[in-house]
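K.L.:
need the 3D shape of this:
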Amino acid sequence: MRYLRMLTNSVAAALLATSYLLVLVLQLNPSLPLETSKLLLEGNPTKDTVATVVFTQAWALEQQGKGDEALPNWERLATEFPMSVYAPDALIRVGDARTKSEKLDEAVEAYTALVKGF
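P.N.:
Reported below is the predicted structural model:
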């Protein structure tokens, strides 16, 4: 029984390491197709893995100059993963996008949520 637990832990650690390595590669090479990151969402990923993938997708789109396409990912991070380490950055980006599009009430909401988080 002990060996089965060790094997399970080893497999879980390998999957986690693989996912973080893929995220790192995507962050260093934002021009890679984003479909690669969707592989991490197959199966039953943890909330941290999903938040990391969503952040990486948003960040890569921003690096490619596709800020409008990245906005839904930033919004998803802010709403679905408010306790994530990526949430503050997402709220800033959402607030900035709302300010840029002159939706000032929505921008204030995003910035207020950011301040309340601290």
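
K.L.:
got the contact list for Y111?
P.N.:
91-92, 95 (C-beta atoms under 8 Å, 6 or more residues apart in numbering). C-beta: built from backbone N, CA, C; applies to glycine.

K.L.:
kindly reformat those as JSON lines containing secondary structure.
P.N.:
Shown next, in JSON lines, are the contacts of Y111 (DSSP: H, G, I helix; E, B strand; the rest coil):
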{"residue": "L91", "secondary structure": "helix"}
{"residue": "I92", "secondary structure": "helix"}
{"residue": "G95", "secondary structure": "helix"}
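
K.L.:
excluding its backbone neighbours, what's nearest the most centrally placed residue in the chain?
P.N.:
Ranked by distance to the mean C-alpha position of the chain (C-alpha atoms, centre = their mean), the top residue is F55 at 2.2 Å. Leaving aside its sequence neighbours, F55 sits nearest to Y86 (C-beta to C-beta, 6 or more residues apart in numbering; 4.2 Å).

K.L.:
tell me the contacts of that neighbour?
P.N.:
51-52, 54-55, 77.

K.L.:
and the closest residue to F81 other than its chain neighbours, how far from M83?
P.N.:
Nearest residue to F81, sequence neighbours excluded (C-beta to C-beta, 6+ apart): A51, at 4.3 Å. Going from A51 to M83 by C-beta to C-beta, to the nearest Å gives 9 Å.
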